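*Asks:* The following block contains a protein sequence and its predicted model.
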There are 2 protein chains.
Amino acid sequence: MPKQVDHESRRRQIAEAVCRLADESGLEGVTLRDVAARAEVSMGAVQRCFRTKEEMLVFALTYIGERIAARVTTRLVESPAQSARTALGHATTEIALLREEHRAEARVWLAFLAQAAVSPPLAEILRSNYASLQTVFTRLIAEAGGDTGGTEGADGTGAARGKGSHDPECAARTLLALADGLTAHVLIGHLSPDTALAVLDAHLGGLWGE
Amino acid sequence: MPKQVDHESRRRQIAEAVCRLADESGLEGVTLRDVAARAEVSMGAVQRCFRTKEEMLVFALTYIGERIAARVTTRLVESPAQSARTALGHATTEIALLREEHRAEARVWLAFLAQAAVSPPLAEILRSNYASLQTVFTRLIAEAGGDTGGTEGADGTGAARGKGSHDPECAARTLLALADGLTAHVLIGHLSPDTALAVLDAHLGGLWGE
DNA sequence: CACGTTCCGATACGCTCGCATCGCTTCGGG
DNA sequence: CCCGAAGCGATGCGAGCGTATCGGAACGTG
C-alpha cells in the first residue's frame, strides 16, 4: 500500500474551504474548482476525497453541525458553577451565531437550511442536529425552571401539560426557532446583532422571570 | 405602436412560474428556460419582460412579499369585530406559512432569504418587507396588550401585564423571528405543522396571559 | 395599400459547471 | 531490485446556463 495521505484531515480542510466560499457567495457559488483552489489542493484531490459534489456538501454540513454542537457543550462544561439559567443563556447565544466571528457559520447554515428544503439528504442531517439540540435545551430549561422540584421523566415525549413556558419541550422548540429566525434577520440586515441579542435576552428573561 | 401586450400581467404570470419552480427544486433550479416553459411563454418573452435574471428574481420576490402582506391586511380587515388579540393570532399564523396550501410560498421565501444573505438587492426587498410587517405587528401588540378601545372590556390598566406589553416593538421582533424560524423548521421536517402551530399559540398565550 | 416600427419566438454564442480520463510519480513488497 | 498498485495534477467532454442576435409576423399610419 504505497503513498498514504491523511484523508480525514484533508476532508476537513476541504470542508473549511466550502464554508469560506459559501460565506462569501452562497451555496451556489461553491464549485469544485473554487473549492480546490481555496483549499490549496488540486481538483483531482477533491474528487478523490468525495465521489460527488453532494457528498462533499453533506460532509461540510455535518462538519459545521458538529462544530456548533461542540461549542454548545464546551460552553456548558466551561461554566458549570453558574446557575442553569445563565448556562441556558450562554448556550442560546452560542447557537444564535450572532457574534461577528460566527457570521460565516451563520451564512453557511442559512444556505444549507434553504437547500435542505429541496434536498432530503441535507434535511436529514439538519433534522438530526436540531433533534439533539432540542434535547439539550429541553433538559436545560427543565433544570433552570425546575427549582420547584419534580424531576421530569427521562424519555417522555413531553405531553403538552399546561400551556406556555411550563412545558420545557415547547420552550426549547420556541428557543431554537427564535434563534434561527433572529440569525436570519441579522444576516439580511433587518436587525442589528445587538438588537437581536436584546430580543433574545428579553425572551429568556420572560421565560421564568414573570 | 403595433401589437401590444399587457406586460404587467405577463410579469405576474412569469413570477408565478418562478415560484412554482423554486418550490419544487429551489432557487438554483430556476432557469430562464424552465421559467419560460412553466409560464407557457417563449424564452424571448421572458427576456423582454426582464432584462436580466436577477431583475426577474427581484420582481418575483417583491410579488411574493406583496401577496403575503396583502393576506395579513385582508385577515385584519375581514375580522374587525374580534378582539385585537385574536387578530394578532390570525395575522401571525398568516405569515408563518404553516398551512399546506402555503408550503410553496414558504419554500420560496426561505430560498430568497438565503440568497439575500449574499445578494444586496434581494436583501433590500426583504428588509423593506420585514420593516413594514414589524410596524404592523408592533401596533397590533400594543393594541392587544394596552388599553385599547376594542370590543374587549377594560381589564384593569396594569395588572400583571405580560413581557410583551412592556415593549411592543421587541415583542413584534420576537414574533417575526419566531414565525420565520418555525416555518424553516417545518420545511426541513424537524417540526410538524401542528407542533409549530402549538408552539406559536403557546408563545402568543404567554405574551399577555402569563 | 404598402410601409415601417414594434414585438415575438427561435436559434447562436461564449462560458462554466460536474464528472471522467489519462499519464506521471511514488512507494511497499516479493 | 524492480514491479505494480495507489495517489496525484492536468486536461477533455458533454451539458446546461444566461445572454445576444436575427428573420419574420403583426398592426397603426400616411
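*Replies:* Right, received. Where do you want to start?
*Asks:* got the contact list for the host helix or strand of residue A:45?
*Replies:* Per DSSP states H and E: residue A:45 is located in helix A:43-49. Residues from elsewhere that reach helix A:43-49 (Cβ atoms under 8 Å, 6 or more residues apart in numbering or on different chains): A:7, A:10, A:11, A:14, A:32, A:33, A:35, A:36, A:39, A:56. Any C-beta I mention is one placed from the backbone N, CA and C, and that applies to glycine too.
*Asks:* Quick one, which of those are buried?
*Replies:* Neighbour counting over the contacts of helix A:43-49 (16 or more other Cβ atoms under 10 Å in any protein chain shown) leaves A:10, A:11, A:14, A:35, A:36, A:39, A:56 as the buried ones.
*Asks:* The residue most central in space within chain A sits in which helix or strand?
*Replies:* Nearest to the mean C-alpha position of chain A, by Cα atoms, centre = their mean, lies residue A:68 at 4.8 Å. Assessed by DSSP H and E, residue A:68 sits inside helix A:53-78.
*Asks:* re the thing from before, now flag whichever of the contacts of helix A:43-49 is closest to DNA strand C.
*Replies:* Nearest to DNA strand C among these, counting by Cβ to the nearest atom of the strand, is residue A:32 at 3.8 Å.
*Asks:* ok, now how distant is that closest one from residue B:118?
*Replies:* Residue A:32 is 19 Å from residue B:118, where distance means Cβ to Cβ, to the nearest Å.
*Asks:* same thing with residue A:130?
*Replies:* From residue A:130 to residue B:118 the distance is 23 Å (Cβ to Cβ).
*Asks:* ok so, going back, contacts only, for the residue nearest to the centre of chain A.
*Replies:* Residue A:68 sits next to A:94, A:95, A:97, A:105, A:109, A:129 when contact means Cβ under 8 Å, 6+ apart.
*Asks:* again, 7 Å this time
*Replies:* Residues near residue A:68 by Cβ atoms under 7 Å, 6 or more residues apart in numbering or on different chains: A:95, A:105.
*Asks:* related to what we said a few turns ago, farthest pair within the contacts of helix A:43-49?
*Replies:* A:7 and A:33 (20.6 Å; Cβ to Cβ).
*Asks:* tell me the average confidence for the helix holding residue A:45?
*Replies:* In this model, helix A:43-49 has an average pLDDT of 92.
*Asks:* thinking again about what came up before, intersect the contacts of helix A:43-49 with the contacts of DNA strand C.
*Replies:* A:32, A:33 (Cβ under 7 Å from any atom of the strand).
*Asks:* Which member of the contacts of helix A:43-49 is positioned nearest residue B:189?
*Replies:* residue A:56 (22.6 Å).
*Asks:* Quick one: neighbours of the closest residue to the closest one other than its chain neighbours, just the number.
*Replies:* Excluding its sequence neighbours, the residue lying closest to residue A:56 (Cβ to Cβ, 6 or more residues apart in numbering or on different chains) is residue A:50, at 3.9 Å. Residues near residue A:50, counting by other Cβ atoms under 10 Å in any protein chain shown, number 20.
*Asks:* can you tell me if the helix or strand where residue A:138 lies touches chain B.
*Replies:* Per DSSP H and E: residue A:138 is located in helix A:120-145. Yes: with Cβ under 7 Å from any Cβ of the partner chain as the measure, helix A:120-145 is seen reaching chain B through A:123, A:126, A:127, A:130.
*Asks:* Quick one: residues in contact with the helix or strand residue A:110 falls within.
*Replies:* Assessed by DSSP H and E, residue A:110 sits inside helix A:103-116. Applying Cβ under 7 Å, 6+ apart, the external contacts of helix A:103-116 come out as A:19-20, A:22-23, A:26-27, A:61, A:64, A:68, A:97, A:122-123, A:126, A:183-184, A:187, B:26, B:110-111, B:113-114, B:117, B:184, B:188.
*Asks:* residue contacts, residue A:64?
*Replies:* A:19, A:105, A:108, A:109.
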